[in-house]
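Colleague: need a structure here:
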Amino acid sequence: MRPRAWCGVLAAVALSATACGGGGPEAGEAGAAAKGSGFPVTVSDCMGARTTFDAAPKKIVTSNAAALELLMWLGAGDKVVGTGFPPGKGAVPGQFADRAGKVPVLGKTVIPKEKLLASGAEVYIDSFSSMKNMGGMGDAPKPEEFKAAGIKHVFLKSTACAAMNKAPRTDLSAVTADIEELGRITGTSARAAELVRAMRKKTDGVRDALKDVPEDKRPSYFLFDYDAGTKQPMAVCNRQVANAVITMAGGRNVFAGCDGDFKPVGWEDVVAKNPDWIQLAVRNRGSEEAERKAFDEAADFLRTFSATKDLKAVKEGRFLRIGSERTTIGGVRSADTVREIAHTLHPDRVK
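Modeller: Numbers count the residues shown, from 1 in each chain. Coordinates of the predicted model:
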């Protein structure tokens with residue numbers, strides 16, 4: 001992946017953002033399955049290399065807040081002994097806030113290799129990818145270094161392996177597969193199944209509400225990754241989770257024709273698409289006031305920039321203020337993002 005494209009990914013995965021949660025306070029704790037059930041468990045990475053777990057790990061490190069939040073939902077949050085890209089204030093559901101705030105921060109962004117290898121973790125849950133065709137994430141440990149430290153390396157494939165996917169992403173199956181796989185690894189498969197059922201119920205409701213809306217009647221949609229920079233926009237392509245979210249919500253991603261996950265494009269490309277709706281995608285800033293300011297800045301840029309001020313969506317104020325993470329990083333709350341976008345695009349059909 002091009003360095004600039006990877007910067008766009010960093011902007012998107014730094015923190016998890018707020019949305020309507022699916023389940024009550026500490027719901028993940030009640031649903032956790034008994035330790036050791038269903039083992040041994042074998043999983044694979046982006047290239048098919050296999051890793052086997054004989055028991056649920058007791059010490060886990062997560063690459064970022066998205067992976068941390070998934071473990072919280074599964075009821076395995078108490079096993080996390082460190083994280084990179086820690087969640088900002090208000091970035092995780094309220095029922096998990098106290099526990100998430102107590103997780104040791106091993107890196108404000110990417111965890112330094114030395115800290116990760118010395119963390120004492122049995123497994124590292126990685127939302128990124130250090131595969132050779134992805135450009136790597138900083139100075140990531142090599143497989144032999146993970147092995148020497150006794151750390152098993154597991155990927156959230158919906159994000160880490162997105163660019164390698166062979167077909168466009170138009171649903172959340174890769175996200176639910178990640179949840180189910182983490183459930184098997186942590187011995188919480190029952191809870192994972194419960195979460196996946198709740199997600200599917202939400203997205204099935206949207207699908208049914210929009211089933212008779214023809215493709216050519218669905219509004220075009222551009223995700224403006226504000227934090228990736230304004231000099232050159234970063235397109236969300238058809239392998240990215242966001243393409244699935246937009247598609248399921250009844251929109252047409254204007255860059256669905258580009259293969260891969262992220263791709264730098266020109267403003268002339270955006271102008272040629274003239275989208276019906278633009279999502280002002282900013283990352284979590286740690287407070288509602290700071291996020292509101294960032295959304296305002298993104299909107300002001302589009303209204304004053306010569307290339308975009310005459311776009312249909314800009315002139316009509318058709319903006320969605322939804323954080324980057326909620327759209328580009330898969331998780332339990334991806335289904336809520338589908339519903340929120342669908343309600344904005346099709347308010348008469350999706351309540």
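Colleague: so residue 246 is in which element?
Modeller: Taking DSSP states H and E as the criterion, residue 246 maps to helix 241-248.
Colleague: and for residue 91?
Modeller: Per DSSP H and E, there is no helix or strand for residue 91.
Colleague: count the neighbours of it for me.
Modeller: 25 (other Cβ atoms under 10 Å). (C-beta placed from N, C-alpha, C; glycine too.)
Colleague: please apply the same query to the one 10 residues further on.
Modeller: Here the number of neighbours of residue 101 (other Cβ under 10 Å) works out to 12.
Colleague: from the contact counts, what lies against the helix holding residue 246?
Modeller: With contacts defined as 3 or more Cβ pairs under 8 Å, 6 or more residues apart in numbering; DSSP states H and E, the packing partners of helix 241-248 are helix 173-186, helix 189-210, strand 220-225, strand 234-236, strand 252-253, helix 324-328, helix 334-345.
Colleague: reformat these as a markdown table; add mean neighbour count and distance to residue 129.
Modeller: Below are the helices and strands packed on helix 241-248 laid out as a markdown table (neighbours: other Cβ atoms under 10 Å; distance: least, Cβ to Cβ, whole Å):
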| stretch | mean neighbour count | distance to residue 129 |
| --- | --- | --- |
| helix 173-186 | 22 | 13 |
| helix 189-210 | 18 | 22 |
| strand 220-225 | 26 | 19 |
| strand 234-236 | 29 | 17 |
| strand 252-253 | 22 | 22 |
| helix 324-328 | 28 | 14 |
| helix 334-345 | 23 | 19 |
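Colleague: mean pLDDT lowest for which of these?
Modeller: Here the helices and strands packed on helix 241-248 differ in mean pLDDT, and the lowest is helix 324-328 at a mean of 92.
Colleague: what's that one packed up against?
Modeller: helix 3-13, strand 220-225, helix 241-248, strand 277-281, helix 334-345.
Colleague: which residues touch the closest residue to residue 247 other than its chain neighbours?
Modeller: Of all residues not flanking residue 247 in the chain, residue 170 sits nearest, at 4.6 Å (Cβ to Cβ, 6 or more residues apart in numbering). Listed by Cβ atoms under 8 Å, 6 or more residues apart in numbering, the contact partners of residue 170 are 243-244, 247-248.
Colleague: point out where the stretch 1-150 of the chain drops to low pLDDT.
Modeller: Filtered on pLDDT under 70, the stretch 1-150 of the chain yields the residue ranges 1-37, 130-138.
Colleague: that one: strands as residue ranges?
Modeller: Shown for the stretch 1-150 of the chain, the strands assigned by DSSP state E, counting those that start in this stretch span residues 41-44, 50-53, 60-62, 80-84, 105-107, 123-126.
Colleague: re the thing from before, filter the contacts of residue 170 to the buried ones?
Modeller: With neighbours counted using 16 or more other Cβ atoms under 10 Å, the contacts of residue 170 contain these buried positions: 243-244, 247-248.
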